[in-house]
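Asks: sequence and predicted structure below; questions after.
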Amino acid sequence: MPELNQKPSKEICPFYDYFIHTHYDLTMLQKDCQNCVFSSVDEFQAKVELISHNYSVVFGENNKLTKLAKQVIEECQHDLVELRLCQNCFHLSNTKPVKEWFCKPCQPPHQVVWAKQKGFEFWPAKVIRVEDNRIDVRFFGKQHPRAWVGADAVRAITVSPAQLKVKKKPQWKQANDEMQEYIRQCEC
């Protein structure tokens, strides 16, 4: 996004300095991230929103640069939600420092459950968050997909797979092995 990496030129926007009190761009954001300038996620979010604000003020809501800046906010919002949910999960899922990154316990560790999506068997999963009667889980296994499931589709990990009538196919066994390793590492 080279258009958002620097201050607009005088030719493009001769009154930029008149309208904008504090200039900020993606290059500055990147440097601040690399230098660990932000003391909170909210500080980072405010800087991203400042970029969008500045373009909205100068170019208007329907300008392509303003729309691009708003798109940056949307991309950041998703990551910020994930970061706020669990910093450990966010870091591990984005860096994957070791092959078994999903088995590394977070602080505090996530609750482990059996969760069932419609059309699938009960599967081992980590509870990411609970809202009302829905539970956001991340499944063990090769892809580690996320899903919202109803509370009625979740069972305690103490329930045996036989009671859940699980067919232990190779993918399920791999997911179960990964869950067992997670539990083992949580106990260390």
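Replies: All right, it came through fine.

Asks: tell me the buried residues in stretch 73-84?
Replies: Neighbour-count burial for stretch 73-84 flags 76, 80, 82, 83 (criterion: 16 or more other C-beta atoms under 10 Å). (Glycine included, C-beta is placed from N, CA and C.)

Asks: repeat for stretch 14-32
Replies: So for stretch 14-32, counting by 16+ other C-beta under 10 Å, buried means 16, 20, 24, 25, 26, 28, 29.

Asks: cool, and stretch 175-183?
Replies: Under 16+ other C-beta under 10 Å, the buried positions of stretch 175-183 are 175, 176, 178, 179, 182.

Asks: and that stretch, average pLDDT?
Replies: Taken as a whole, stretch 175-183 has a mean pLDDT of 93.

Asks: list the helices and strands the longest strand along the chain packs on?
Replies: Looking across the chain with DSSP state E, the single longest strand is strand 122-131. If you count contacts as 3 or more C-beta pairs under 8 Å, 6 or more residues apart in numbering; DSSP states H and E, strand 122-131 packs onto strand 112-116, strand 134-139, helix 170-187.

Asks: show me the contacts for the residue nearest in space to the middle of the chain.
Replies: By C-alpha atoms, centre = their mean, the chain has its centre lying nearest to residue 82, at 2.8 Å. Under the criterion of C-beta atoms under 8 Å, 6 or more residues apart in numbering, the neighbours of residue 82 are 89, 90, 93.

Asks: farthest-apart pair in the buried residues of stretch 14-32, please.
Replies: 16 and 29 (17.9 Å; C-beta to C-beta).

Asks: CA atoms of whichever helix in the chain runs longest as PDB?
Replies: Using DSSP state H, we find that the single longest helix of the chain is helix 64-85. Extracted as PDB, the C-alpha positions of helix 64-85 are listed here (Å, rounded to 0.1, in the frame of the first residue of the first chain):
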ATOM      1  CA  LYS A  64      -9.800   5.400  -2.900                       C
ATOM      2  CA  LEU A  65      -7.100   6.200  -0.400                       C
ATOM      3  CA  THR A  66      -9.700   6.700   2.300                       C
ATOM      4  CA  LYS A  67     -11.200   3.400   1.400                       C
ATOM      5  CA  LEU A  68      -7.800   1.800   1.500                       C
ATOM      6  CA  ALA A  69      -7.100   3.200   4.900                       C
ATOM      7  CA  LYS A  70     -10.400   1.800   6.200                       C
ATOM      8  CA  GLN A  71      -9.500  -1.500   4.700                       C
ATOM      9  CA  VAL A  72      -6.300  -1.400   6.800                       C
ATOM     10  CA  ILE A  73      -8.400  -0.800   9.900                       C
ATOM     11  CA  GLU A  74     -10.700  -3.800   9.100                       C
ATOM     12  CA  GLU A  75      -7.600  -6.000   8.700                       C
ATOM     13  CA  CYS A  76      -6.100  -4.800  11.900                       C
ATOM     14  CA  GLN A  77      -9.500  -5.200  13.800                       C
ATOM     15  CA  HIS A  78      -9.600  -8.900  13.200                       C
ATOM     16  CA  ASP A  79      -6.000  -9.400  14.400                       C
ATOM     17  CA  LEU A  80      -6.600  -7.100  17.400                       C
ATOM     18  CA  VAL A  81      -9.700  -9.100  18.500                       C
ATOM     19  CA  GLU A  82      -7.500 -12.300  18.300                       C
ATOM     20  CA  LEU A  83      -4.700 -10.600  20.200                       C
ATOM     21  CA  ARG A  84      -7.100  -9.500  22.900                       C
ATOM     22  CA  LEU A  85      -8.600 -13.000  23.300                       C
END
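
Asks: this completes my enquiry, with thanks.
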